[in-house]
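K.L.:
Here is a sequence together with a model predicted from it:
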Amino acid sequence: MDIYVDSANINEIRQAKELGLADGVTTNPTLVAKENGEFTDILKDICKEVSGPVHAEVLSLDFEGIVSEGKELAKIADNIVIKIPMIEEGLKAVRVLRSEGIDTNVTLIFSASQAILAAKAGATYVCPFLGRLDDISSDGLELLGVIRSILVNNPDLETKIIAASIRTPNHVVELSTMGVDILTVPAKVLKQMGKHPLTDIGIEQFAKDAEKFK
Ligand code: G3P
């Protein structure tokens, strides 16, 4: 199981890397817009920091635009993966980029049928958004289970799942139990994963008791 950092912030990415939690990085336009600097420069810096895949999203929504932007982004570094929104023009672009050896991630997946289309188009990764489904009283984890079954039962579909829009440590635990290929996790949730009040109480108690030996 790989864990990626869902962030464009270089400090968050470095901190996750120190803990072995940066097998890759996913960004999106919203995350990059939070950082200072030019879009391409921000991605270049991330690619220097992380040896695994770094996912960079195209802004175009038409076939020609997506293909040409995808090719430009792919020049940034060898580890760039092109993130493309789940639209028909995007799926056409996935096929072209794949034929040129460029890895793609079809993002904004909210249904199993969308995941099938993306896999058939040749996407290297499909990226279902859990949290945003939970936000509208749908079940993000259930969708992940269905997409995983489809890919496990149809090994001719050579597509990996990246579970995104992860909001809680419990999402991470449930997805790990399911055996999802890749989880992309925000820095905040990575921090929350290590927290437990009983750990804090235990440390405090041991420190107090160890006073005797000082
Ligand atoms: O990488 C995209 C995804 O993780 C977005 O998450 O929390 O904005 O729904 P969120």
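P.N.:
Yep, that arrived.

K.L.:
ok, residue 104 - how many residues close by?
P.N.:
When neighbours are defined as other C-beta atoms under 10 Å, residue 104 has 30 of them. Every residue, glycine included, has its C-beta placed from N, CA and C.

K.L.:
Correct me if wrong: it contacts residue 123.
P.N.:
Yes. Under the criterion of C-beta atoms under 8 Å, residue 104 makes contact with residue 123 at 5.2 Å.

K.L.:
Let's test this: mean pLDDT of stretch 173-184, rounded?
P.N.:
In this model, stretch 173-184 has a mean pLDDT of 97.

K.L.:
Look up how far residue 174 lies from the residue nearest the centre of the chain.
P.N.:
For the chain, residue 184 is the residue whose C-alpha lies nearest the centre (C-alpha atoms, centre = their mean; 3.4 Å). For residue 184, the distance to residue 174 (C-beta to C-beta, to the nearest Å) stands at 15 Å.

K.L.:
can you check residue 142 too?
P.N.:
10 Å.

K.L.:
Compare those two (neighbour count), which wins?
P.N.:
Between residue 142 and residue 174, counting by other C-beta under 10 Å, residue 174 is the more crowded of the two (18 against 12).

K.L.:
Quick check: the more buried one touching residue 139?
P.N.:
No. With contact taken as C-beta under 8 Å, residue 174 and residue 139 are classed as non-touching, separated by 10.9 Å.

K.L.:
would you say the residue nearest to the centre of the chain is within a strand?
P.N.:
Yes. With DSSP: H, G, I helix; E, B strand; the rest coil as the criterion, residue 184 is located in a strand.

K.L.:
which residues touch it?
P.N.:
Going by C-beta atoms under 8 Å, 6 or more residues apart in numbering, residue 184 touches 3-6, 24, 26, 127, 162-164, 166.

K.L.:
Could you restrict the residues you listed to the ones contacting the ligand?
P.N.:
6, 26, 164 (C-beta under 6 Å from any ligand atom).

K.L.:
Identify those among the residues you listed that sit within strands.
P.N.:
Mapping these onto strands (DSSP state E) picks out 6, 26.

K.L.:
Going by neighbour count, which of the ones next to the ligand among the contacts of residue 184 comes out on top?
P.N.:
residue 164 (29 neighbours).
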